[in-house]
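*Asks:* what shape does this take:
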Amino acid sequence: MDQQKKNEIFTQAKTWILEAGERIKSKIDSPRSIQTKSNPNDLVTEMDQETEQFFANKIKDTYPEHYLLGEEGFGDEIEDLGGTVWIIDPIDGTMNFVHQKRNFAISIGIYHEGTGEIGLIYNVMEGILYTAKRGEGAYKNDSRLPDLSQDRPLKQSILALNTTWLIPENPYVDHKGMQELVKTLRSTRSYGSAALEFAFLAEGLLDGYLTMTLMPWDYAAGSILVREVGGIVTRADQSELDLLNKTTVLAGRSNIHEEIASEYVQLKQR
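*Replies:* Residues are numbered from 1 along each chain as shown. Model prediction:
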């Protein structure tokens, strides 16, 4: 993607994400239509659907040659990342949106021929927009974020980690290794929004992020931000991310990334 085109798309995406955020804020206290998807805790509201429809309409009207991969079903049937693909989560942290009316985000990752070019994460209720363009660093509103190149020992690190991965019956991971990891860390955090956790990692508020199941729209933007500040983002086994399917994700400072993957994360056969 040439620079002029990237700048144009970035400006358009920034305008749309801020507009979508205002639409959500204007309806934050309205009665909700709440449904469940894969399980009773996997919530979706009419606002998730309306927001994705908003982006789908904008993208198709402005860039009809582009594709949309979205959570709520308003996108395209995509088999590869050829061309330009917008990967969007209209409300990442729907449970927080429903119960807290805060701590949720709109997440947009824009990929061209499989490469992450633009990432935007909007913390709607706080009015904070995280942005990144490949090769140009990452920003919190208008302030450039410092890089994560400084090493920090694992024992002094804070990791974003959902505590469900510590349950012995969890089918994805060796829970003993995870428990040892938690004992080694300074602490863990769970904010209920993968997009915000990636943003906080890029900002330096966290040192790493680990999950055993995540969909592409949850991390498509965040992985671009984290890489722009010198962090590493892979699957938990250090292989390349799968941006078309559910996957494991390990992100963090370079010095702890390999240590976590090699010493603590033992994946079970599925």
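*Asks:* give me the residue at the spatial middle of this protein.
*Replies:* residue 219 (2.8 Å; Cα atoms, centre = their mean).
*Asks:* residue 180 versus that one, what's the distance?
*Replies:* Counting by Cβ to Cβ, to the nearest Å, the gap between residue 219 and residue 180 amounts to 25 Å. Where C-beta positions appear, they are placed from N, C-alpha and C, glycine not excepted.
*Asks:* what's the answer for residue 98, then?
*Replies:* Here the distance between residue 98 and residue 180 works out to 35 Å (Cβ to Cβ).
*Asks:* neighbour count winner among these two?
*Replies:* When residue 98 is set against residue 180 and neighbours are counted by other Cβ atoms under 10 Å, the residue ahead is residue 98, at 16 against 13.
*Asks:* hang on, the more buried one packs against residue 45?
*Replies:* Yes. In this structure, residue 98 sits in contact with residue 45. The criterion is Cβ atoms under 8 Å, and the distance is 6.5 Å.
*Asks:* which parts of stretch 193-205 are buried?
*Replies:* Along stretch 193-205, these residues count as buried under the neighbour rule (16 or more other Cβ atoms under 10 Å): 193, 194, 195, 196, 197, 198, 199, 200, 201, 202, 203, 204.
*Asks:* likewise stretch 236-248?
*Replies:* Residues of stretch 236-248 classed as buried: 236, 241, 243, 247, 248 (neighbour count, 16+ other Cβ under 10 Å).
*Asks:* next: stretch 20-34.
*Replies:* Within stretch 20-34, the residues scored as buried using 16+ other Cβ under 10 Å are 20, 21, 24.
*Asks:* just the ones of the residues you listed in helices?
*Replies:* Within the buried residues of stretch 20-34, membership in helices is found for 20, 21, 24, as judged by DSSP state H.
*Asks:* picking up where we left off before, by pLDDT, rank the buried residues of stretch 20-34 and give me the bottom one.
*Replies:* By pLDDT, residue 24 ranks lowest within these, coming in at 94.
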